[in-house]
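J.: dropping the sequence and predicted coords here.
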Amino acid sequence: MKVKSALKKRCEYCKIIKRHGVLRVICSKNPSHKQRQG
């Protein structure tokens with residue numbers, strides 16, 4: 001999980017979602033692409 005100020009999709013499988021008011025990137029294909037805004 002990387003903590004970034006600006007989230008970017010790193011591949012076509014990345015999805016940006018909002019969970020409890022926090023923006024996150026989840027990726028089914030490559031879990032090392034997970035990010036959260038902070």
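T.: Received it, and whenever you're ready, just let me know what you need. In this text, all values refer to a predicted model and were calculated from it rather than measured experimentally.
J.: for the spatially closest residue to Lys34 that is not a sequence neighbour, give its distance to Arg19.
T.: For Lys34, ignoring the flanking residues on the chain, the nearest one in space by Cβ to Cβ, 6 or more residues apart in numbering is Met1 at 4.9 Å. Backbone N, C-alpha and C define where each C-beta goes, glycine included. Note on Met1: its distance to Arg19, by Cβ to Cβ, to the nearest Å, is 13 Å.
J.: per-residue pLDDT, the residue nearest to Lys34?
T.: Met1 is assigned 95 on the pLDDT scale.
J.: ok, it - contacts?
T.: The contact partners of Met1, taken as Cβ atoms under 8 Å, 6 or more residues apart in numbering, are Lys34, Gln35, Arg36.
J.: with His33 instead?
T.: His33 makes contact with Arg10, Cys11, Tyr13, Cys14, Val25, Cys27, according to Cβ under 8 Å, 6+ apart.
J.: next one: phi and psi at the nearest residue to the fourth one once chain neighbours are set aside?
T.: Excluding the flanking residues, the one nearest Cys14 by Cβ to Cβ, 6+ apart is Cys27, at 4.6 Å. The main-chain torsion angles of Cys27 are listed as degrees, to the nearest 10 and equal phi -140, psi 120.
J.: make sure Cys27 is actually in contact with Ile16.
T.: No. Between Cys27 and Ile16 there is no contact, the gap being 10.4 Å when judged by Cβ atoms under 8 Å.
J.: who's more crowded, those two?
T.: Cys27 (17 against 13; other Cβ atoms under 10 Å).
J.: which of the contacts of His33 fall within strands?
T.: The subset of these located in strands under the criterion DSSP state E comprises Cys14, Val25, Cys27.
J.: residues near the second one, how many?
T.: Right, the one you point to is Val25. When neighbours are defined as other Cβ under 10 Å, Val25 has 20 of them.
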